[in-house]
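Colleague: Structure for this input, please:
(2 chains)
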Amino acid sequence: MILNGIGASDGLGLGNAVCIRESVLDYTGVIYAGAEAEKARLLAAVDAFCRDTERMTQKMSGQVGQHEAEILSGHIAMLADPFLRAQLEEKVEQGSVAEQAVDEVCAFYEELFSQTDDELVRQRAADVRDIRNRLLGLLLHVKPIDLSALAPHSVLVAPDLTPSMTVGLRAENVAAIVTQSGGRTSHSAILARALGIPAVLGVPNLMNALSDGDRVLVNGGTGEVILNPDAAQAEAYRIWNEASIRERQSLQAYRTRPTENADGRRVSLYANIGSTAQLDEVSSVGAEGIGLFRTEFLFMERSDAPGEEEQYQAYRAVAGAMPGRDVLIRTLDIGGDKDVPYLSVGKEENPFLGYRAIRYCLDRPDFFSTQLKALLRAGAEYQNVKIMLPLITSVEEIRAARALLEKCKAELQEKGKAFDRNISLGVMIETPAAVQLADQLAKEADFFSIGTNDLTQYTLAVDRGNAKVEQMYDPLHPAVLRSIRQVISAARKAQIPVGMCGEAAADPKMIPLLLAWGLDEFSVSAPSVLTVRKWISQWGDRQAGELAQRVMELVTTEEIHREIEKMF
Amino acid sequence: MVSANVKVTNPMGLHMRPAQLFVREMTPFASEVTIVHKDRTINAKSIMNLMASGIKQGSEIEIRCEGQDEQAALEKAVALIESGLGE
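Modeller: Below you'll find the predicted structure:
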């Protein structure tokens, strides 16, 4: 039998189902012990709740942890509400047992929050439900769900996962996560991706379909959950798993090697990261720096913008993990395609051509200054932070950003805060306008980083999320290749470093061309670092140079692919 | 009783974190603190009620304080809202 849901975290997982069922919280048998006694029970449960929650928040660290800790500390604040407390006590005085008081008051707020037209307030309804279930559990002495002692090869099957459930979860014992509700942005999805666990969410009727101990094969890419996989399916999994283990082992030799081509010419190989939680992986693969730190995660999945101090702590954590190495931090790259309600970007007809990234930031100087100041301060200790501006289309934009940066420096100076006064300010080259202006931009920017994902979309006018045209999306299109060559050449003439942080930097067909044109720095996702280091080592200058020359004489994308494939 | 009209400036209105801050700062005052928004009266020391109030950026609200320290409470409340509640 195959169940289908939303693939929310890539990979295959095979294991035994562990079904987390919501505990039965039935209080019909509880007898009223008088107002004072019920109040005392209520108070004891609330105290225990706050103590447990405090303990949980202390156990948390990393990105997922921070997000969870914030939700949980919110739970304490909600329970401390004197108005809610008064409602609870009133119910008890009127003859309700403590359990009923909790149930009814929480139901009232759940209803109240779910009825608002504000998405963020509606999300709070789930928090009230979590509070209700935990409080009832405490009152009825039902053991809370504890996932810290799962057996190896467990497939977690649950209606949904809440932060209070997943405290202390050991990723190495979880083969996969499957839930009945939730989508790509739910808590379960974020958790699964951060821990690298395959996950399928939003599987209808899941809790009735699976039982404890069922053998389950989960495909987090396709969203399939296969119950009792047959011999062929299990074999396919075994082959995939063995191949990925073998590949990983053969690459281990590249962990400690320098990144150089076959002639011993060094280039830099950096990692792209989207959160501080990925830093461990970055150092385990021996990346030589951070070529792209996306700051969006700090701003997403929350109800308001992070302040200077919180941003500073996050940036400093990255800078401190890479002393003496470059850390390129991209300023907020967000627009109408991402759901961050509090930024009030609004829905747009054409978010990729709209109010986003540097445009949004320059339009909100106060908001942007907060990020710039946090970055300036984060660079103080190791002088290794570099600021990277996304979606640049004109020289004016970098001038405006630089002016604001100088203003931020003056403010920090006045407040007597330490910062890096020589911080580098570079630009992403990801629009056709920036390509055309590369020689001019190179005079004003301290470095370039080519973002091939957007550059390809904008150059070819192709939305790669649109199934009807996605086959036209190809960074090896001659127009994109010419753009890349032009940008690298402009940077070299101006003697500023040029890197690439798009997916093309990890494309085996693109690598010889980039080496031939003189790209200084490749930045790829952490899992790709070792493979890319291996591919770079396989090309000599002459071989790559001749290939690049032949490729640039070709006129169709197909010919280009064929020409490069001949070399493999 | 004293009261004042203010406009909410922080981008997200009174969500979890700003509401938490407002309640924490106002709780020590002995006075009763209420917010009137769109003809509804909200207990301003209740985080649940503040969150459910639907007060957004740009909302015009009236803050009312009543009690022995009402003047100080009102000044604090207005300053908090005008400062953008830590954002």
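
Colleague: Every contact and neighbour count from this point should use C-alpha atoms.
Modeller: Fine.

Colleague: all strands for the stretch 51-200 of chain A, in order.
Modeller: A:154-158, A:174-179, A:199-201 (DSSP state E, counting those that start in this stretch).

Colleague: possible to save the ones you listed as a markdown table with distance to chain B, mean pLDDT and mean neighbour count?
Modeller: What follows is the strands of the stretch 51-200 of chain A, written out as a markdown table (distance: least, Cα to the nearest Cα, whole Å; pLDDT from 0 to 100; neighbours: other Cα atoms under 10 Å in any protein chain shown):
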| stretch | distance to chain B | mean pLDDT | mean neighbour count |
| --- | --- | --- | --- |
| strand A:154-158 | 27 | 93 | 25 |
| strand A:174-179 | 27 | 94 | 29 |
| strand A:199-201 | 27 | 92 | 33 |
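
Colleague: Those into TSV, with extra columns for distance to A:A44?
Modeller: Below are the strands of the stretch 51-200 of chain A laid out as TSV (distance: least, Cα to Cα, whole Å):
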stretch	distance to A:A44
strand A:154-158	29
strand A:174-179	33
strand A:199-201	36
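
Colleague: mind exporting the strand ranked longest in chain A as CSV, just the C-alpha atoms?
Modeller: Counting by DSSP state E, the longest strand found in chain A is strand A:12-19. The C-alpha coordinates for strand A:12-19 follow below in CSV (Å, rounded to 0.1, in the frame of the first residue of the first chain):
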residue,chain,number,x,y,z
LEU,A,12,14.8,7.9,1.6
GLY,A,13,14.2,6.3,5.0
LEU,A,14,13.3,2.7,5.9
GLY,A,15,12.3,1.6,9.3
ASN,A,16,9.6,0.6,11.8
ALA,A,17,6.7,2.8,12.5
VAL,A,18,6.4,4.4,16.0
CYS,A,19,2.9,5.8,16.1
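
Colleague: what about the strands in chain B?
Modeller: Assigned by DSSP E, the strands in chain B fall at B:2-7, B:32-37, B:40-43, B:60-66.

Colleague: what number of residues lie near residue 14?
Modeller: I went with chain A, as the question did not name one. Neighbour count for A:L14, taken as other Cα atoms under 10 Å in any protein chain shown: 24.

Colleague: Chain B, not that one
Modeller: Neighbourhood size, B:L14 [other Cα under 10 Å]: 29.

Colleague: And A:G65, what's its pLDDT?
Modeller: In this prediction, A:G65 carries a pLDDT score of 64.

Colleague: Could you list the low-pLDDT ranges of the chain?
Modeller: If you meant another chain, say so; for now it's chain A. Along chain A, the model assigns pLDDT under 70 to residues A:60-67, A:119, A:183-187, A:194, A:336-337, A:339, A:465, A:467.

Colleague: nope, chain B
Modeller: Residues of chain B that meet the criterion pLDDT under 70 lie in B:11-12, B:86-87.

Colleague: tell me the contacts of the residue lying farthest from the centre of it?
Modeller: Distance from the centre of chain B peaks at B:Q68, with 18.1 Å (Cα atoms, centre = their mean). Taking Cα atoms under 8 Å, 6 or more residues apart in numbering or on different chains, we find B:Q68 in contact with B:A30, B:S31.

Colleague: same check, this time on B:M51
Modeller: B:M51 makes contacts with A:V121, B:L14, B:H15, B:M16, B:A19, as judged by Cα under 8 Å, 6+ apart.

Colleague: Quick one: residues contacting the first one.
Modeller: Going by Cα under 8 Å, 6+ apart, A:V121 touches A:F113, A:S114, B:H15, B:M51, B:A52.

Colleague: which two from these end up farthest apart in space?
Modeller: Spatially, the most separated pair among those is A:S114 and B:H15, at 14.6 Å (Cα to Cα).

Colleague: Same drill for these two, tell me which one is more crowded.
Modeller: Legend: neighbour count by other Cα under 10 Å for A:S114 and B:H15, higher for B:H15 (27 against 18).

Colleague: quick one: the more buried one and A:S303 touch, right?
Modeller: Yes: between B:H15 and A:S303 there is a contact at 6.5 Å, judged by Cα atoms under 8 Å.

Colleague: Now the common contact residues for those two.
Modeller: A:L120.

Colleague: neighbours around residue 27, how many?
Modeller: Picked chain A for this. Counted by other Cα under 10 Å, the residues lying close to A:Y27 total 15.

Colleague: Hmm, no, I was thinking of chain B.
Modeller: Neighbour count of B:T27, defined by other Cα under 10 Å: 16.

Colleague: Please determine how far it is located from chain A.
Modeller: Note on B:T27: its distance to chain A, by Cα to the nearest Cα, to the nearest Å, is 10 Å.

Colleague: That residue - nearest residue in space that isn't next to it in sequence?
Modeller: Excluding its sequence neighbours, the residue lying closest to B:T27 (Cα to Cα, 6 or more residues apart in numbering or on different chains) is B:K45, at 6.1 Å.

Colleague: Can you get me a residue count around the one you found?
Modeller: 25.

Colleague: can you list the residues of chain A near chain B?
Modeller: Within chain A, the positions adjacent to chain B are A:74, A:77-78, A:81-84, A:109, A:112-113, A:116, A:118, A:120-121, A:303-307, A:342-344 by Cα under 8 Å from any Cα of the partner chain.

Colleague: and the residue farthest from the centre of chain B, how far is that from chain A?
Modeller: Distance from B:Q68 to chain A, counting by Cα to the nearest Cα: 20 Å.

Colleague: picking that back up, quick one: list the elements packing against the longest strand of chain A.
Modeller: Under the contact criterion of 3 or more Cα pairs under 8 Å, 6 or more residues apart in numbering or on different chains; DSSP states H and E, strand A:12-19 touches strand A:154-158, strand A:174-179, strand A:215-219.

Colleague: quick one: contacts of it?
Modeller: Contacting residues not belonging to strand A:12-19 are listed as A:153-158, A:175-176, A:198, A:207, A:210-221, A:237 [Cα under 8 Å, 6+ apart].

Colleague: what lines up beside that strand in the sheet?
Modeller: The pairing partners recorded for strand A:12-19 under DSSP bridges are strand A:154-158 (parallel), strand A:215-219 (antiparallel).

Colleague: Arrange those strands in TSV, one row each, with distance to A:V97 as further columns.
Modeller: Compiled in TSV, these are given as follows (distance: least, Cα to Cα, whole Å):
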stretch	distance to A:V97
strand A:154-158	30
strand A:215-219	42
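
Colleague: Flag every buried residue along stretch A:546-559.
Modeller: Buried residues in stretch A:546-559, counting neighbours by 16 or more other Cα atoms under 10 Å in any protein chain shown, are found at A:L547, A:A548, A:V551, A:T557.

Colleague: Check stretch A:146-164 too.
Modeller: A:147, A:150, A:153-164.

Colleague: gap between A:N466 and A:Q457?
Modeller: Separation of A:N466 from A:Q457 (Cα to Cα, to the nearest Å): 11 Å.

Colleague: ok, the two, which is more surrounded?
Modeller: The residue with more neighbours, out of A:N466 and A:Q457, is A:Q457; 22 against 9, by other Cα under 10 Å.

Colleague: what's the nearest residue to the more buried one once chain neighbours are set aside in contact with, if anything?
Modeller: Nearest non-adjacent residue to A:Q457, counting by Cα to Cα, 6+ apart: A:D463, 6.0 Å away. Residues in contact with A:D463 (Cα under 8 Å, 6+ apart) are A:Q457, A:V469, A:E470, A:Y473.

Colleague: Report how many residues lie close to A:V435.
Modeller: Neighbour count of A:V435, defined by other Cα under 10 Å: 26.

Colleague: In contact with it, which residues?
Modeller: Counted by Cα under 8 Å, 6+ apart, A:V435 has contacts A:I429, A:S483, A:I484, A:Q486, A:V487.

Colleague: Okay, helices next: where are they in chain B?
Modeller: B:16-26, B:47-52, B:70-82 (DSSP state H).

Colleague: tell me the most buried of the ones you listed?
Modeller: Each of the helices of chain B was scored by mean neighbour count; the highest is helix B:47-52, a mean of 24, by mean count of other Cα atoms under 10 Å in any protein chain shown.
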